[in-house]
Structure formats: C-alpha cells, structure tokens
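Asks: here are the coordinates; sequence isn't available:
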C-alpha cells in the first residue's frame, strides 16, 4: 500500500486515496457584628496586590472574581498583572484577558491575546496530539485483544481491498483481472488496473467465489470503494477521472480521482455521473453513506483541506441533490492523511489516518459523531492495526462482524482483505465525581451548584451536591472539561480536569474558600486563608516568598481590627528529637511575630510560642509508622484570636 502513497497525483493514486492527501458570590456583608469579624478574602488579596506582592494564584483569583462578576475593567487589570508575571499562563486565561480587553475597547491588544490563545491551543494538530497523548502506546495496548481476525478467502496475489456491504453480498476492489493481451497494467506497480467484484456472504460472513461486477461501472481505468443505498438501487464509487470515453486531467496533466453515482435499472447500473462537488483539479474518493442516507462522507484534498487529505461530509436531499461539502475539522483531520471513512448507526465513524498517534503507516481509528463534530477518537488496537497500512474498515453493528484491508506482513497480495469478529466494544464510559469541602474546616458543602463546561466553555451539564457534599457527572472519555462551583458566602471556583481514554472513574475533590470568613475569640485566623504552615528558607531564618504572602493576609486583618490580638503557635511533627523540634518551633513562632511587628503591629498584640511535637493531631508520635501526608498534618502554624 505504501507505494500508492507516493503516487497520489498519478492514476494509481486514486484507489489508495489514503495518501491524499455568574457570577462570583463575593458578599459585601457587615464588618462589625458583635464579637465576630467578617474577613473578605478577595478584598484582602486586592490590598496585598496593591502593595506590590505578586502571586500567579492571587492574580488568577482576582481576575476571575471580577470576570465572573462582569467587572471587565478590573478583570483586565489583574489578568494583565498575571501575564506581566508569567507570559505562559493556561490558554483559557488568554481568552478571558482578550474578552476583558475587548469589553473596554482595547481591540488591538485583545486581538493579540486571542491570536496567542489560538497558538497556545495548538498549531500543528499532529504535534499537539502526540504531546497530549505521550502514553498512546499504552492506550493502543489497552484497546487490543478485542478481535478474532482471519485472512478472507477471496484474496489473491494481487491487490484486494475496500469492501462494502451490498444487500446479501459484499463488493470490493481488486487488481486480479489479468484479462487478455490488451489488458492494461500500471507501469509503476506492474499490477493491472482495479475493478469492482462482488461475493455472496452468509450469516457467518463466509464468502463465496467472487465475480466481477458486469456493468458500465467498470472501465479500463481504476474503480474502487463503493457504497450502496439500503435498497441496492444507488451506488457511489471512486474512479479515475474518466467518463464517456474521456479522460480528464488537472492543470499539471495528471489524472486524479472522482466520486461517481450510478442507479440500478433492469438489473443494470446506468446513469453514471460524477458528483457536482468533484473537480479536475483535486480528488474526491472513498464515499460512505450515513445510516439515514442523507449524508455522504468522503475523503478529499480540495481547497480548504487541513492536511494531505481530509474527511468531508455533504448533505443529500430527497431529490438526490447535494449541498456544499463541509470539512469535519480539527476534531478528526490533521496535517497528515485522513481517509476511508465509514459511519455506523451508532453515531460512530471509523477512518484511517497517519496523523493521529498510531503504530505506523495508516492506522484505523474510531470517533463519536455529535452535533459538535467528531470527538473521543481512539486507535482501535493492535489486533487490526500494524506498522503497515491498515484501512477501509466496515462493520455490521448487530453481528459485530466486518472487514478491513491491510498490506501487513503475512498476506497474499500487495493488499489483502481481512474479516473479523469484534468480541468487545471500544465504548468508553467515564464518571466524574468528588466531594465539595470548606478549605478551612474540612466540612462538606451540600446543595452547592456545579456547572460542567467543555473545552470551548459551552455548558455541558449542571447539578447540585448532595447532603454529604458529593457530586457526579457522566462524561466522555478523552475530553477536557472545566468545572465551576458556586455557593453563597464562598468564592466561585473553577477547576480543569482531563478525562482518561479508558473506562473508569475520575475523582476530583473541590475545596472552597469562604468569601466572608466568620471568626471569633478562640478561632484560628489562618484557616480563613487556608494557611497551614508558615514556611522558612531551608536552614535559614528568612521567611520565604510564599510565607510573606500568607503573613500579609494576617497583617491586613490585624490592620482592619486594631483591637485584635493573636496567639501565634508553631507546631512540628514527631521526627527529629523532642528538643530539636521544640527549638525549631520556638524559632519559627518568634520570627513570625518579628515579621508582623516589623510591619507595624504592636508587640503587645502578639504572643508567640512553639509547641514542638507536644500537640500532635493524630497518632504519629515517636516510632509510629506514618505517611508523609499524616506527618504533614502535624506541621502547622496557627493564629489563634485571643482578643477581638
């Protein structure tokens, strides 16, 4: 088959056309309830940022908060800070920044950002597919072992390929006709030109001796890859650009291929005409009808093609007239070759490609057809696919029997037809689930709204968490989604999640921050901001950048409430000696207090003490085997409110 790949502009190319080519709920509640303090986390972040502190996470939170609240001028400001700090943010932030800029009239900058968004989403589809799917060999392995395959009995030492169901028969392509002395061979391959043959097929898909289709469909040039209407009265097929004894050529004097249609009258195929969207200057080939026969799928390198050949579709009305061909797009087509489509009554499309990750040459793939296009594309496995060219797959969806073609090792001819029984479906089922919790208290959040978006931020589904904070979505495999979570008194949160290509469940717990954190005497102020530990540089007394950002949050609240007093407590885990841990925690508590005092807080408002390993929150004392996560629970900093 590969020899055909090199010759797609020649006559032989035709019949191996695989070569062708909400808002954020930031409450503004009262600040002076008796004996309580309501800490607005977002306003604290904003004040910290205004003081010059920089954090990607903080800028994202600020930008998102204003974006969801339609305050695009402020959203643009903080997204601008994000990109000034890191020009390589996630693609979605390019999009939001562009939209925010557009809303405030900065069209030039908005256009620049949307162009960058398109670039970050991928230029060369093949490169993107391989980068996103570095474990594709493992996925191919997981999709293997699903077929019983045998070489069909109709193969010859010549090229045999491209089967189609036709009533109780199959029709296929073959170069077996050696004919007489005048029978023409193609000079590149030494094989005869191909014609259409048919073979009766029984319920077990056993094939009888093939016979050449006796009609005007077959000519002295190539014919191949037909598809038939269910009543058997109309056929679409591929042929060299040749009709009524005339051979057509493109501007380079090459004879390409076209799709033709014929009708059955008095048991003869007549009215052979080329379809109107064919041309002398590009090729159309390998037609496949949808189950309702209202759409014709085919391969072409017509203008607008993404790669060397793309898969297109065209509508057919009740009078047999055609609409305008539509490229199926980047969801299926790459800069490589996509060809030999076949569509089932289960909204599936099988096709051959060398652009999607495979084993070599053309591999066979399966995709799902929906209103948005083609999705969830999977390599169908190493039973069928090989390092050679594997193509022209058809399947009966009820019996799960079918045929495909290949030039893999072990065949009789240059291409051979294989028949198969699929023993296990490739359907992939995935469940996205998790639990919603308060980041500070760990309490479950019931009756919380969750909205699921696709990669283009179109709504897929929405639900509410149950009484235990649990949620569940049924999702498609091999897709990326964005989950938005909204609840009163909490900051709206979004999280991206990629779904596996294999059956199973994806767990995504979500931790929510309160927009207004209610605290009183005896509470830990640090929990308002999810502060678990104040970190110091290794073997130094210097507070780290992350720690300084956290302490700025505490400082901001202390400035809001000048009577508030804190008991600063530092804890360690049980590793190292008790004395070492006591000294370490004393030092960290003292340095934390010193930082706050240095930044304007009166010393008499703060008490600092280290507790070493004396107040463990779990079983992880000396000589008790614990995980790193369990030890981490004991390493903590607390800011206990003693006076409010």
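Replies: Arrived safely. Treat the numbers as computed from the prediction; the structure is a model and nothing was measured.
Asks: Apart from its chain neighbours, what residue comes closest to residue 363?
Replies: residue 385 (4.4 Å; Cβ to Cβ, 6 or more residues apart in numbering). Any C-beta I mention is one placed from the backbone N, CA and C, and that applies to glycine too.
Asks: In what element of secondary structure is the one you found found?
Replies: Residue 385 belongs to no helix or strand when elements are defined using DSSP states H and E.
Asks: Can you report how many residues neighbour it?
Replies: 26 (other Cβ atoms under 10 Å).
Asks: got it, and residue 271?
Replies: Residues lying near residue 271 (other Cβ under 10 Å) number 12.
Asks: now swap in residue 559 and tell me
Replies: Residue 559: 13 neighbours (other Cβ under 10 Å).
Asks: just to revisit the earlier point, I'd guessed the residue nearest to residue 363 sits against residue 359; true?
Replies: Yes. Using Cβ atoms under 8 Å, residue 385 is in contact with residue 359, at 5.0 Å.
Asks: Now list whatever residues contact both of those two.
Replies: Shared contacts of residue 385 and residue 359 (Cβ atoms under 8 Å, 6 or more residues apart in numbering): 140, 379.
Asks: So the spatially most central residue of the chain versus residue 365, what's the distance?
Replies: Nearest residue to the geometric centre of the chain (Cα atoms, centre = their mean): residue 479, 3.7 Å. Residue 479 is 16 Å from residue 365, where distance means Cβ to Cβ, to the nearest Å.
Asks: Likewise for residue 63?
Replies: Distance from residue 63 to residue 365, counting by Cβ to Cβ: 39 Å.
Asks: And for residue 446?
Replies: 43 Å.
Asks: Please say which of those two ends up with more neighbours.
Replies: residue 365 (23 against 14).
Asks: And the strand or helix carrying the more buried one, how far out from the chain middle?
Replies: Using DSSP H and E, residue 365 sits within strand 363-370. Relative to the centre of its chain, strand 363-370 is centred 14 Å away, using Cα atoms, centre = their mean, to the nearest Å.
Asks: Can you name the element that comes right after that strand?
Replies: Beyond strand 363-370 in the direction of the C-terminus, DSSP H and E gives the next helix or strand as strand 373-379.
Asks: helices and strands around the following helix or strand past that following strand, which ones?
Replies: Downstream of strand 373-379, the next assigned helix or strand under DSSP H and E is strand 390-396. If you count contacts as 3 or more Cβ pairs under 8 Å, 6 or more residues apart in numbering; DSSP states H and E, strand 390-396 packs onto strand 160-166, strand 338-343, strand 348-353, strand 363-370, strand 401-406.
Asks: sorry, back to before: what are the neighbouring residues in contact with the residue nearest to residue 363?
Replies: 140, 358-359, 363-364, 379.
Asks: May I see those residues organised as JSON lines, with neighbour count added?
Replies: Listed next are those as JSON lines, based on neighbours: other Cβ atoms under 10 Å:
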{"residue": "140", "neighbour count": "19"}
{"residue": "358", "neighbour count": "23"}
{"residue": "359", "neighbour count": "18"}
{"residue": "363", "neighbour count": "27"}
{"residue": "364", "neighbour count": "25"}
{"residue": "379", "neighbour count": "27"}
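Asks: now, among these, which is nearest to residue 581?
Replies: When these are compared for distance to residue 581 (Cβ to Cβ), residue 140 wins out at 51.5 Å.
Asks: wait, what's in contact with the spatially closest residue to that closest one that is not a sequence neighbour?
Replies: Distances taken as Cβ to Cβ, 6+ apart put residue 379 closest to residue 140, at 4.8 Å, once the chain neighbours are dropped. Contacts for residue 379 (Cβ under 8 Å, 6+ apart) come out as 136, 139-140, 143, 356-359, 363-365, 385.
Asks: And residue 379, how far from residue 42?
Replies: Separation of residue 379 from residue 42 (Cβ to Cβ): 46 Å.
Asks: again, but for residue 253
Replies: 69 Å.
Asks: cool, and residue 396?
Replies: 59 Å.
Asks: neighbour count winner among these two?
Replies: Neighbour count, other Cβ under 10 Å: between residue 396 and residue 42, residue 42 has more, with 20 against 15.
Asks: And the next helix or strand past the top helix by length along the chain?
Replies: Longest helix of the chain, by residue count under DSSP state H: helix 578-598. The helix or strand immediately downstream of helix 578-598 is strand 606-612, counting by DSSP H and E.
Asks: what about residue 605, how many neighbours?
Replies: 17.
Asks: Would you agree it is in contact with residue 567?
Replies: No. Checked against Cβ under 8 Å, the pair residue 605 and residue 567 is beyond contact range at 10.5 Å.
Asks: List phi and psi for residue 473.
Replies: Main-chain torsions, residue 473, degrees, to the nearest 10: phi -130, psi 140.
Asks: cool, and residue 289?
Replies: Torsion angles, degrees, to the nearest 10, at residue 289: phi -90, psi 140.
Asks: That one: what's it in contact with?
Replies: Contacts of residue 289 (Cβ under 8 Å, 6+ apart): 227-229, 236, 295-297, 343.
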